[in-house]
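> The following comprises the amino acid sequence and a computationally predicted model.
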Amino acid sequence: MTRRTLDASADTFQVTRDESGRLVLSGVIDESADLAFFAALSGHTRIVMSKVRRVNSYGVRSWIEAVRRVPPGATIELVECPPSVIDQINMVAGFVGTGTVTSFFAPMICERCGHERDQLFTVAEYRAAGRLAPVACPECGIIMQVDDLEEQYLLFTRDS
């Protein structure tokens with residue numbers, strides 16, 4: 001019997017800065033995630049969400065409490081939000097607080113060959129076109145579809 005070990009470091013929540021000064025969140029947002037950085041924000045802060053693996057129910061509660069502590073005058077912009085974060089934004093009122101979402105990944109699937117990928121889109125381009133830009137399957141070339149109920153997945157675009 002082969003025993004698999006899980007990489008606990010992939011679940012550990014971390015906040016770092018990238019070369020352009022954006023905050024990069026990674027790991028799992030749960031009850032142990034240190035979200036105190038929200039209370040120390042000033043000015044405009046871009047927060048990269050692409051490395052957030054998931055958000056559990058305790059994490060949602062912690063996140064909401066932390067977002068409420070963003071100081072007056074500070075603004076947050078969530079970028080590169082993965083499907084796990086978009087799901088929370090769509091289900092939980094106030095998840096973004098007074099912030100905005102400017103880009104997001106949508107889960108795409110090819111109906112012909114079954115290839116799956118998360119594709120990055122911007123809210124501005126979606127709103128301008130009234131639809132997501134077509135994405136060709138890298139395997140067979142046909143246009144991929146959102147692997148979810150598209151209208152429901154994109155609910156957050158109405159408010160952000």
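Received the coordinates, thanks. On a predicted model such as this, the values are computed, not experimentally measured, just so you know.
> quick one: residue 45 and residue 109, what's the gap?
33 Å (Cβ to Cβ, to the nearest Å). Placement of C-beta: from N, CA and C, glycine included.
> which regions of the protein sit below the pLDDT cut-off?
1-10, 159-160 (pLDDT under 70).
> hey, where'd the helices end up in the protein?
57-67, 83-91, 123-129, 150-153 (DSSP state H).
> Relative to the whole chain's centre, how far out is the second one?
It refers to helix 83-91. 7 Å (Cα atoms, centre = their mean, to the nearest Å).
> Looking at residue 45 and residue 109, which has the bigger crowd around it?
Taking other Cβ atoms under 10 Å, residue 45 and residue 109 do not tie; residue 45 has more neighbours (19 against 16).
> Spatially nearest residue to the more buried one (excluding sequence neighbours)?
Spatial nearest neighbour of residue 45, excluding adjacent residues (Cβ to Cβ, 6 or more residues apart in numbering): residue 76 at 5.3 Å.
> before we move on, back to that, rebuild the helices of the chain as CSV, extending it with distance to residue 143.
Below are those laid out as CSV (distance: least, Cβ to Cβ, whole Å):
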stretch, distance to residue 143
helix 57-67, 34
helix 83-91, 19
helix 123-129, 14
helix 150-153, 13
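> most tightly surrounded among the ones you listed?
A comparison of the helices of the chain by mean neighbour count, using mean count of other Cβ atoms under 10 Å, puts helix 83-91 on top with a mean of 19.
> Other residues contacting it?
49, 52-55, 60, 63, 78, 81, 95-96, 101, 104-107, 118, 148, 152-153, 155-156, 160 (Cβ atoms under 8 Å, 6 or more residues apart in numbering).
> show me what contacts the most centrally placed residue in the chain?
Geometric centre of the chain, nearest residue: residue 81, 2.0 Å, by Cα atoms, centre = their mean. Residues in contact with residue 81, defined by Cβ under 8 Å, 6+ apart, are 49-50, 89, 101, 103-105.
> Filter those residues down to the ones in strands?
49-50, 101, 103-105 (DSSP state E).
> Top of the residues you listed by number of neighbours, please.
residue 104 (28 neighbours).
> my guess is it meets residue 48, correct?
No - look at residue 104 against residue 48 with Cβ atoms under 8 Å: they stay out of range, at 11.8 Å.
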